[in-house]
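>>> Can you look at this prediction? I've put the sequence above it.
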Amino acid sequence: MSIGDSIKKHCIVDTSLLSNFVFPGQAYLLQRLIGGPVFIPPAVLDPAECLLGNFQQPPRCEFLKTLYEISGQAGVRYSSAAPFIRSFAGSAGTQWASVDLSIEELELAADFKDRSIWSGISGVPSKYTKKGLGAGEAEACAVAAKRGWTLLIDDQAAVELMTGLGYDIPCVRTCMLLIHAVQIEIISCPEAADLFNRQIVDLFGFNATKNKRTERLWLRCTPEPKCLWEPIR
Amino acid sequence: MSLCQKLQESRSQARLTQQQVADVLHVPRESISMWEQGTRVPGLKQLEDLARLYSVTSDYLLGKTELAPQVEEREVLCRGLVENPSVHLEFKRWFDFLDSWADLTEQAGLPARNSGKPPKKLDRGADFTDGRQAPTLAAETRKEFGLGGDAIPDVYTFLDEQHILVCKANLGDWQTGAQGISGAFHNHRKLGYCILVNVQNSLGRQSFTLAHELAHALFHYNCRSLISIYKDPSPRESFADSFASHFLVPIKTLNRVIDNASWSGRLDQYKVIELAHIFRVSYAFMLYRLRNEKHITDDQRKAWEKCSPTALAQQLGLDSDVFNKPGNPVLSLNRYPASVVQTVRDLIFDDELSSSQAADLLDVSTAHIQALLMTDLPPATPEERRELCEYPF
């Protein structure tokens, strides 16, 4: 299934991919790409915690935890993202929609978060199997698996798990989403390259490396817009 | 029984109101009500916290398993904390982190470097409480770890170097009516000695807690879990207090400092704050230490207790960080010792762990983990660069 077809379906997102668009102030780009609000599971962004809006205590959901950290010294590297996070969290209904989990989805998410889930799957590289999925990824995968939605996710462990368990779920990553944005001409390729290579990776630290940091993912514009793994010199 | 029935029944058995649970989980009370009525389902993180608060497991709430008895020593430790659900939850999260960390390090083939037993020379049996021996044992402990007689600059770093896993938590401010928990010791089956410290106390007070918990680790290692509660009169706690006093402020060093400064017989509040600053301990602790060594009288201690240590330090131009109560500090990666953070960073670099798995393990944002991985390191400020230029080599 093409990227365009995949994102015509309901899309559910994990923390990392959501952050890649929101932190540099590009939440609207994500909304334009998928043609409506992105669906978010409670472990990533919980409307109940947004309502309280007091981050003196650490929130449980992953996306708002960033705001709490920014209030201390720890968040100094990504403090410029704070206004964008607040603005996005306050735009429920337009830019994002919360997902109410069913009991079956909650049970499945609990399974995905447990390391023992890997024991029934063969052929998965051992590097992914030392821990279960994070809570946000586990919930997003459970919803996508039960409802047949598209997963917007960069976490390779989650992709390996879904494939290993035999789920036929479209998984779309940040770089491919940006390439699609270039192809449908809502952003130019140099803009997409700057957003991915400089802002998302260099500025906000998205981990775009593999093979023990010997290769890095780049969004390249020539000879054609493409996501390319290149050796790190 | 369905999830909603189990949630209601478990909360009832934990003797918590919906409002208490809502306050601890940082959600509106209506959410708890809807979860218990079955009109909504909690998220995964909330389910895990509910299980911790109710002393059950997520699998039990989901109907996957029967109610298994809790690990005994943890239940003993947590039973006394039910009155304060926030503290109870912090302890349960600590235990869960320790289990996850032990599991991960084992999976990654990292060696366990803390056996949960003291060095042979210090081993006085598993439950030693003779307070008269505490000064000698404190001196022997310093000798064993090569600490000499000087003040220990940073007890956190010292313990990390000894592979004792020290974590931090906000466990409430005892002066505002909480239960006065300064820390806890747990001898984990796989990780060995582990300590939890309440960071809502001053750094000087935290040093005392760390030394106190070290006493439990070395001399009460068969008691798998101990909580240090303010003014607990048990023999173990008294021994650990005495050990900590002599470990942090060896009598010979204290007397030498007082003699060198010609302060003998001339001590006052300012000199006490300077001593506390030298030894990186709290003002209150130093007052007791000086009283116990008869450098000051009990009447002086009582009178001098009324002074603000922070203000005294500031008036003398000393760094007052050691005396400040930090309120409710923001805890993220600083919850863990540097060795844990470095290990996680290495595991991610070696493709052994993903950023989101690491964030979940350490209960921090993915953004914070990613910041740790940046190849583009934080640039030096012009002032920082200027210092580098000052050196001729």
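All right, it came through fine.
>>> can we go C-alpha only for contacts and neighbour counts from here?
OK.
>>> dump the residue contacts of the residue of chain A found nearest chain B.
The minimum distance from chain A to chain B, using Cα to the nearest Cα, falls at A:K127 (4.4 Å). For A:K127, the contact set (Cα atoms under 8 Å, 6 or more residues apart in numbering or on different chains) comprises B:D351, B:E352, B:L353.
>>> quick one: the helix ranked longest in chain A near chain B?
In chain A, assigned by DSSP state H, the helix with the most residues is helix A:135-147. Yes: residues of helix A:135-147 are located near chain B by Cα under 8 Å from any Cα of the partner chain, namely A:A135, A:E137, A:E139.
>>> pLDDT below threshold where in the chain?
No chain in the question, so chain A it is. Applying pLDDT under 70 to chain A flags residues A:51-56, A:73-76.
>>> Let me rephrase: I mean chain B.
In chain B, residues with pLDDT under 70: B:68-82, B:174-179, B:230-232, B:375-376.
>>> Now do the residue of it found nearest chain A against B:T343, distance only.
Nearest residue of chain B to chain A (Cα to the nearest Cα) works out as B:E352 at 4.4 Å. Plainly put, B:E352 is 11 Å away from B:T343 if you go by Cα to Cα, to the nearest Å.
>>> Same drill for the two, tell me which one is more crowded.
Shown here are B:E352 and B:T343; by other Cα atoms under 10 Å in any protein chain shown, B:E352 has more neighbours (21 against 13).
>>> so who does that one touch?
Applying Cα under 8 Å, 6+ apart to B:E352 gives the contacts A:S126, A:K127, A:Y128, A:K130, B:A108.
>>> Spell out the residue ranges of the strands in the stretch 101-250 of chain B.
Ranges of strands within the stretch 101-250 of chain B are B:165-169, B:181-188, B:192-198, B:225-229, based on DSSP state E, counting those that start in this stretch.
>>> quick one on the thing from earlier: from the contacts of B:E352, which would you call buried?
Among the contacts of B:E352, the ones that count as buried by 16 or more other Cα atoms under 10 Å in any protein chain shown are A:K127, A:Y128, A:K130.
>>> What sits closest to residue 7 if chain neighbours are left out?
Unless you meant another one, I'm taking chain A. Sequence neighbours aside, A:I34 is the residue nearest to A:I7 in space, at 5.5 Å (criterion: Cα to Cα, 6 or more residues apart in numbering or on different chains).
>>> other chain: chain B
Nearest non-adjacent residue to B:L7 (Cα to Cα, 6+ apart): B:E36, at 5.9 Å.
>>> Get me the contact residues on the stretch 201-350 of chain B for chain A.
So the stretch 201-350 of chain B meets chain A at B:P329, B:V330, B:L331, B:S332, B:L333, B:N334, B:F349, B:D350 (Cα under 8 Å from any Cα).
>>> Please repeat the previous calculation with a cut-off of 7 Å.
Residues of the stretch 201-350 of chain B found near chain A (Cα under 7 Å from any Cα of the partner chain) are B:V330, B:S332, B:F349, B:D350.
>>> State the distance from the residue lying closest to the third one once chain neighbours are set aside to B:Q13.
Counting by Cα to Cα, 6+ apart, A:K212 is the residue found nearest to B:F349 once chain neighbours are left out, at 5.6 Å. Between A:K212 and B:Q13 the distance is 49 Å, computed by Cα to Cα.
>>> Count the residues that sit near B:H246.
Using other Cα under 10 Å, B:H246 has 21 neighbouring residues.
>>> and what of B:K121?
Count around B:K121 with other Cα under 10 Å applied: 9.
>>> domains in chain B, as residue ranges please.
Domain ranges of chain B: B:1-68, B:104-248, B:251-315, B:333-386, per automatic domain parsing.
>>> quick one: contacts for residue 215?
If you meant another chain, say so; for now it's chain A. A:T209, A:W229, A:E230, A:P231, A:I232 (Cα atoms under 7 Å, 6 or more residues apart in numbering or on different chains).
>>> Actually, chain B is the one I wanted.
When contacts are counted by Cα under 7 Å, 6+ apart, B:A215 touches B:A240, B:F243.
>>> For stretch A:102-113, give me every contacting residue.
Residues outside stretch A:102-113 that contact it (Cα under 7 Å, 6+ apart): A:117, A:132-135, A:138-139, A:142-143, A:146, B:41, B:43-44, B:62.
>>> and if you look at stretch B:132-150?
Here stretch B:132-150 makes contact (Cα under 7 Å, 6+ apart) with B:L122, B:F239, B:S242, B:F243, B:H246, B:F247, B:P250, B:T253.
>>> what about it, how long is it end to end?
Stretch B:132-150 has an end-to-end distance of 22 Å (criterion: Cα to Cα).
>>> Then stretch B:372-392?
32 Å.
>>> got it, and stretch A:118-126?
Between the opening and closing residues of stretch A:118-126 there is a gap of 9 Å (Cα to Cα).
>>> One more: stretch B:363-383?
Its start and end residues considered, stretch B:363-383 measures 34 Å (Cα to Cα).
>>> State the distance from the residue nearest to A:I7 to A:K146.
20 Å.
>>> Look at those two and report which has more neighbours.
Shown here are A:I34 and A:K146; by other Cα under 10 Å, A:I34 has more neighbours (18 against 14).
>>> returning to what we had before: what subset of the residues of the stretch 201-350 of chain B next to chain A is buried?
For those, buried by 16+ other Cα under 10 Å: B:V330, B:S332, B:F349.
>>> Quick one: list the elements packing against the longest helix that chain B contains.
Across chain B, the longest stretch assigned as helix under DSSP H is helix B:85-107. Applying 3 or more Cα pairs under 7 Å, 6 or more residues apart in numbering or on different chains; DSSP states H and E, we find helix B:85-107 packed against helix B:44-53.
>>> now the helix it packs on, how far from the chain's geometric center?
Offset of helix B:44-53 from its chain centre (Cα atoms, centre = their mean, to the nearest Å): 22 Å.
>>> And stretch B:326-336, by the same measure?
How far stretch B:326-336 lies from its chain's middle: 11 Å, per Cα atoms, centre = their mean.
>>> What of stretch A:156-175?
12 Å.
>>> residues touching residue 205, list them.
You didn't pick a chain, so chain A it is. With Cα under 7 Å, 6+ apart, A:G205 has these contacts: B:Q370, B:A371, B:L373, B:M374.
>>> That was the other one, I meant chain B.
Per Cα under 7 Å, 6+ apart, neighbours of B:R205: B:V281, B:S282.
>>> Compute the distance between it and B:P326, please.
11 Å.
>>> And A:N197, by the same measure?
Where B:P326 is concerned, A:N197 sits at a distance of 39 Å (Cα to Cα).
>>> Next: B:V249.
From B:V249 to B:P326 the distance is 24 Å (Cα to Cα).
>>> now swap in B:Q314 and tell me
B:Q314 sits 16 Å away from B:P326, going by Cα to Cα.
>>> Of the contacts of stretch A:102-113 - the most surrounded one?
When these are compared by neighbour count (other Cα under 10 Å), A:E139 ends up highest, at 34 neighbours.
>>> Name the nearest residue to that residue, ignoring sequence neighbours.
With Cα to Cα, 6+ apart as the measure, A:A109 is the residue that lies nearest to A:E139, at 4.9 Å, once sequence neighbours are left out.
>>> how about the CA coordinates for the strand or helix carrying that neighbour, as PDB?
Secondary structure from DSSP states H and E places A:A109 in helix A:103-113. Taking C-alpha atoms only, helix A:103-113 is exported to PDB below (Å, rounded to 0.1, in the frame of the first residue of the first chain):
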ATOM      1  CA  ILE A 103     -10.700  -3.500  27.200                       C
ATOM      2  CA  GLU A 104      -9.400  -5.700  24.500                       C
ATOM      3  CA  GLU A 105      -7.000  -3.000  23.300                       C
ATOM      4  CA  LEU A 106      -5.800  -2.400  26.800                       C
ATOM      5  CA  GLU A 107      -5.100  -6.100  27.200                       C
ATOM      6  CA  LEU A 108      -3.300  -6.300  24.000                       C
ATOM      7  CA  ALA A 109      -1.200  -3.200  24.800                       C
ATOM      8  CA  ALA A 110      -0.300  -4.800  28.200                       C
ATOM      9  CA  ASP A 111       0.900  -7.800  26.200                       C
ATOM     10  CA  PHE A 112       3.000  -5.700  23.900                       C
ATOM     11  CA  LYS A 113       4.600  -3.900  26.800                       C
END
